[in-house]
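Participant: sequence first, predicted model second:
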Amino acid sequence: MNSEKKLSEEQFSQIMDGLVEECEDVLRRFLPDPDHMPSGEEPAATVASAMRYSTMAGGKRLRPLLIARISDLYGGDRQLAEPFMAALEMIHTYSLVHDDLPAMDDDDYRRGRKTTHIVYGEGMAVLAGDGLLNFAYETAAAAFDAAGTPEQTQAVVRALRVLMRNAGIYGMVGGQCADLEAENSGTAVTPQLLEYIHSHKTACMIQSGFMIGAILAGAPQEDILRLEKIGRSIGIAFQIQDDILDVIGDSAELGKTVGSDEKDGKATYVTLHGLEKAGRDVRALTEEAMADLEALSVRDDFLTGLVQKLVSRKN
């Protein structure tokens with residue numbers, strides 16, 4: 001695929017809007033429909049409704065969008081990519097549903113509307129998160145049906161391993177564990193621990209977005225490793241920017257409560273290092289990612305623009 005040259009703001013927005021709509025369509029097709037449950041499965045319609053409510057609440061669709069764009073960039077097959085696009089967003093959504101629970105961050109609003117446990121109750125929210133995680137793996141495994149060669153089958157296996165590891169105890173769950181323990185123990189959070197939390201809780205899932213499309217498309221190993229590094233840099237910068245916005249952002253623009261971290265006495269990059277250093281480090285991590293993007297065997301001005309916008313966002 002040829003890279004986009006010198007994209008205007010309008011061209012960037014058109015590509016972005018198109019990719020987001022593609023992601024929305026993929027999610028609508030793969031998520032269980034509470035109004036059309038398989039025969040005999042009607043009693044599970046409520047949890048299916050909660051899963052759909054949680055996932056179809058809008059959002060950036062960053063992670064599936066990355067899979068789609070990078071798969072296309074390397075000439076990949078969307079039939080292989082789409083199950084992973086849906087699965088990664090389901091896993092991301094499950095983590096948000098559980099994160100919003102009273103036992104975790106206790107948030108009432110997410111993406112501009114009431115959180116799942118406020119609408120469906122805490123118990124059903126737990127089940128919705130459980131359902132999304134398990135259905136994500138079932139959905140990703142559907143890529144085996146689209147694999148037409150041994151090489152594609154091996155690529156699906158490798159992509160599944162990345163998906164599962166980055167979502168599990170050595171990825172997002174591990175980061176959540178460290179974050180929760182730090183908050184509950186009352187002990188001081190060190191810069192090293194905060195980096196672990198950010199690199200696991202946030203960056204691992206973004207790394208999946210950068211890597212999976214390339215893996216499925218048979219990209220060079222050197223590029224896959226570089227994309228993993230880009231995902232880490234951008235994931236950490238993304239979380240630092242989130243910490244910055246929690247201090248200076250606007251609730252209406254963000255679609256969630258601001259100042260909650262400060263209210264809860266939670267350690268963030270801003271509380272540990274201050275706003276000025278936080279801003280400097282976002283820029284430094286972005287520069288690292290941009291240099292790695294330049295070194296890939298393929299070029300895409302849209303991807304470059306997306307990286308820049310992610311770390312300078314206001315919502």
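Facilitator: Structure's in. What do you need?

Participant: contacts, neighbours, all on C-alpha from now
Facilitator: OK.

Participant: what residue of this structure is the furthest out?
Facilitator: Each residue of the chain has a distance to the centre, and by CA atoms, centre = their mean the biggest one is for residue 40: 33.2 Å.

Participant: dihedrals phi and psi, that residue?
Facilitator: The phi and psi torsions at residue 40 (degrees, to the nearest 10) take the values phi 90, psi -10.

Participant: what of the one 5 residues further on?
Facilitator: For residue 45, the backbone dihedrals (degrees, to the nearest 10) come out as phi -60, psi -30.

Participant: correct me if wrong: it contacts residue 51.
Facilitator: No. Using CA atoms under 8 Å, residue 45 makes no contact with residue 51, being 9.7 Å away.

Participant: so the residue farthest from the centre of the chain versus residue 135, what's the distance?
Facilitator: Distance from residue 40 to residue 135, counting by CA to CA, to the nearest Å: 18 Å.

Participant: in the helix or strand in which residue 22 is found, which residues are buried?
Facilitator: According to DSSP states H and E, residue 22 maps onto helix 9-30. Using 16 or more other CA atoms under 10 Å as the test for burial, helix 9-30 gives 12, 16, 19-20, 22-24, 26-27, 30.

Participant: now do stretch 113-129
Facilitator: Buried residues in stretch 113-129 (16+ other CA under 10 Å): 114-117, 120, 122, 124-129.

Participant: lowest confidence element among the helices and strands of the protein?
Facilitator: For the chain, counting by mean pLDDT, DSSP states H and E, helix 251-254 ranks last in confidence among helices and strands (a mean of 50).

Participant: helices of the stretch 1-150 of the chain, start to end?
Facilitator: 9-30, 45-55, 62-73, 78-99, 116-120, 122-141, 143-146, 150-167 (DSSP state H, counting those that start in this stretch).

Participant: with the stretch 151-300 of the chain instead?
Facilitator: Under DSSP H, counting those that start in this stretch, the stretch 151-300 of the chain gives helices at 172-185, 191-197, 203-216, 221-248, 251-254, 260-263, 269-273, 275-294.

Participant: lowest average pLDDT across the ones you listed?
Facilitator: Of all the helices of the stretch 151-300 of the chain, mean pLDDT reaches its minimum on helix 251-254 (a mean of 50).

Participant: average pLDDT for the helix holding residue 22?
Facilitator: 97.

Participant: pull the distance from that helix to the chain's centre.
Facilitator: 15 Å (CA atoms, centre = their mean, to the nearest Å).

Participant: for it, which outside residues touch it?
Facilitator: 56, 60-61, 64-65, 68-69, 82-83, 85-86, 139, 302, 305 (CA atoms under 8 Å, 6 or more residues apart in numbering).
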